[in-house]
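A.B. asks: could you look at this predicted model? Sequence included:
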Amino acid sequence: MNNLEFSGSCFWDMDYKELNPEKDRNFIISRVISRGGSNDEIELFKYYGWEVVKEEVLKIRYLNKKILNYFSLLFNIDKKKFKCFNNRSIY
């Protein structure tokens, strides 16, 4: 996957370098924010940019409460606008 470097915890079960960064961006962003660390998140924002990450995070079906709260504050968006909140799969 073009110049992206993530820790092993994000993609422990697969070789992420075989993923297509554009076609698989929702999957990549979801994995990194739910399993990665701060360095992984920095790499994600550097590659995709603020708006793309925000757009994809809003679509994710499952985020735990801690991650949902973090991104709600980071993007200054009400939690109710996240798909995971509406699916009630955050508990």
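C.D. replies: Yes, it's here. Residues are numbered from 1 along each chain as shown.
A.B. asks: what does the helix or strand of the chain at the bottom of the mean pLDDT ranking rub up against?
C.D. replies: Every helix and strand of the chain was ranked by mean pLDDT, DSSP states H and E. The lowest is helix 83-86, at a mean of 88. The contact list for helix 83-86, computed with CB atoms under 8 Å, 6 or more residues apart in numbering, reads 58-63, 68, 79-80, 90. Any C-beta I mention is one placed from the backbone N, CA and C, and that applies to glycine too.
A.B. asks: which other helices and strands does the helix or strand harbouring L74 contact?
C.D. replies: Assigned by DSSP states H and E, L74 falls within helix 65-75. Here helix 65-75 touches helix 25-35, helix 50-59, going by 3 or more CB pairs under 8 Å, 6 or more residues apart in numbering; DSSP states H and E.
A.B. asks: just send those back as CSV, with distance to L4, mean pLDDT and mean neighbour count too.
C.D. replies: Output for the helices and strands packed on helix 65-75, formatted as CSV (distance: least, CB to CB, whole Å; pLDDT from 0 to 100; neighbours: other CB atoms under 10 Å):
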stretch, distance to L4, mean pLDDT, mean neighbour count
helix 25-35, 8, 94, 19
helix 50-59, 13, 96, 16
